[in-house]
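In: Got a predicted structure here, sequence first:
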Amino acid sequence: MGASPIPGTLPNPTARYAFDAPSVSITKQMDSGRIRQYQRSTKAPRKVRAAWFLNDSLLEVFKAWYNLGIQAGTLKFGITLAFGDSCQPNVARFLTDYRVASDTLFGWRVDAELEVEDPA
């Protein structure tokens, strides 16, 4: 099953998001001897902290999409994010529940941590 896209009425997250460097290795402490380290993949998904700035009506669209469209954040979805100097379509999923805080300029700030797969 493919990833459903984010609704077109919702804006992309702001360009001020941050991402953590992925770990592609596993470290194991053995009973005796040296610590072993294994490479688990050549490409790990990125953990991105994203923020959307929404007004009241867009916040309702976001909540409906989150709860019904991607089943409370359990399904993957398509999203366009800027990495480097270009915007690329990516597949993402929520790692944490979103958090809503009031924002004086836009109305609402929605923060969430996403796991983003690099485009193939």
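Out: It's in. Please read these numbers as outputs of a predicted model, since none were measured by experiment.
In: Now Asn12: closest residue in space that isn't a chain neighbour?
Out: Sequence neighbours aside, Thr80 is the residue nearest to Asn12 in space, at 5.5 Å (criterion: C-beta to C-beta, 6 or more residues apart in numbering). Every residue, glycine included, has its C-beta placed from N, CA and C.
In: which of the residues in whichever strand or helix holds that neighbour are buried?
Out: Thr80 is part of strand 77-83 when elements are defined by DSSP states H and E. For strand 77-83, burial by neighbour count (16 or more other C-beta atoms under 10 Å) applies to Phe77, Ile79, Leu81.
In: show me where the chain has strands.
Out: 4-5, 18-20, 25-28, 36-39, 46-54, 77-83, 86-94, 99-103, 107-117 (DSSP state E).
In: now the residue nearest to Asn12: how far from Gly69?
Out: According to C-beta to C-beta, to the nearest Å, Thr80 and Gly69 sit 16 Å apart.
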